[in-house]
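J.: Structure for the following, please:
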Amino acid sequence: MKKVLLVVLSAVVIMLAGCKKDSPVKPTEGPTSDSYWPVTAGNSWTYRDVTGGGAGTFTIKMTGETYTINNKTYYTSSSLQNGVNVIAYIYEQDHVYALRDTLDNLSTSIELQLCDDAEPTGYTWTMQCTDDGTLSGVPVQSVNQIVSANDDMTVNGKTYHNVIHTQVKLQYDLGKGFETVAIYDFYLAKGVGMIEADTSSGTTLIESETLASYSVH
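T.: Residues are numbered from 1 along each chain as shown. Model prediction:
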């Protein structure tokens, strides 16, 4: 992946800025084997990243640190992309998995929910994905849906079980009501983490990240 960790917001760099955060601390407890994003320190995932401009690989690693943002605890991950150390913050609590970070060249933090493993297939929810509900002064929201759950899915020749597929539609209101500007499809496997993430604009696939290897404790 060229610039994206999970959200792959159409060539968005995931680097947290513009939101209040406390000093990093070590997490007091780790995830269980039932986690759809195991956040234990040292866990790592290597992805193949394909975009219109080419293909490459990148590795995400959990650092073992956390940040508290708006009274919510996020686990820190890092990855080296194009010579830049990219930091991302992952939320894992009460069955909800989310990513909160800052869009490239903007100071507004955005959060997208990647999964809610307590809800059934077809469950849909709308969330305010920035603190004030705007992005560069434009009203923004995300509409999320659990497309499928408890699936088997083969990625790069390996079959994963208990996979949840969540589709996230990022929407802007430019004066005519909310309209979808980008679609993100996330696939998370229990005990493994994210095994695929696809970004589309309309019917055009912009980027696809697929799990090549991982080490989870």
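
J.: what about Y36, is that helix, strand or coil?
T.: Classification of Y36 using DSSP: H, G, I helix; E, B strand; the rest coil returns coil.

J.: Please report the distance of it from T134.
T.: According to CB to CB, to the nearest Å, Y36 stands 30 Å off from T134. Every residue, glycine included, has its C-beta placed from N, CA and C.

J.: what about the two, which has more around it?
T.: Taking neighbours as other CB atoms under 10 Å, Y36 and T134 compare with Y36 leading, 26 against 15.

J.: which residues does the more buried one contact?
T.: Y97, L114, C115, D117, I164, L188, A189, K190, G193 (CB atoms under 8 Å, 6 or more residues apart in numbering).

J.: now, which of those residues sits nearest T154?
T.: The shortest approach to T154 among the contacts of Y36 belongs to A189, at 11.1 Å (CB to CB).

J.: Excluding chain neighbours, what is closest to that closest one?
T.: Y160 (4.0 Å; CB to CB, 6 or more residues apart in numbering).

J.: can you check Q128 too?
T.: In space, Q128 is closest to Q141, 6.0 Å off (CB to CB, 6+ apart).

J.: The one you found and S201: what is the separation?
T.: Distance from Q141 to S201, by CB to CB: 17 Å.

J.: Show me which of these two is the more surrounded one.
T.: Comparing Q141 with S201 by other CB under 10 Å, the one with more neighbours is Q141, at 19 against 12.

J.: what residues are up against that one?
T.: Applying CB under 8 Å, 6+ apart, the residues near Q141 are T126, M127, Q128, C129, G133, Q171, F178.

J.: can you pick the most crowded of these?
T.: Going by other CB under 10 Å, C129 tops the contacts of Q141 with 24 neighbours.

J.: Look up phi and psi at that residue.
T.: phi -90, psi 0 (degrees, to the nearest 10).

J.: In this structure it contacts L114, no?
T.: No - with contacts counted by CB atoms under 8 Å, C129 stays clear of L114, the gap being 12.0 Å.

J.: Quick check: longest strand in the chain by residues?
T.: Secondary structure of the chain per DSSP state E: the longest strand is strand 138-155.

J.: Give me the secondary structure label for D185.
T.: On the basis of three-state DSSP, D185 is classed as strand.

J.: Any idea what the residue nearest to it when sequence neighbours are not counted is bridged to?
T.: Spatially, and ignoring its direct neighbours in sequence, D185 is nearest to D198 (4.5 Å; CB to CB, 6+ apart). D198 has the following beta-bridge partners by DSSP bridges: D185, S208.

J.: Confirm for me that D198 is in contact with L205.
T.: Yes - counting by CB under 8 Å, D198 touches L205, with 6.3 Å between them.

J.: So for the two, which residue has more residues nearby?
T.: The residue with more neighbours, out of D198 and L205, is D198; 18 against 15, by other CB under 10 Å.

J.: Quick check: which ranges of the protein have low pLDDT?
T.: Residue ranges of the chain with pLDDT under 70: 1-33, 102-107.
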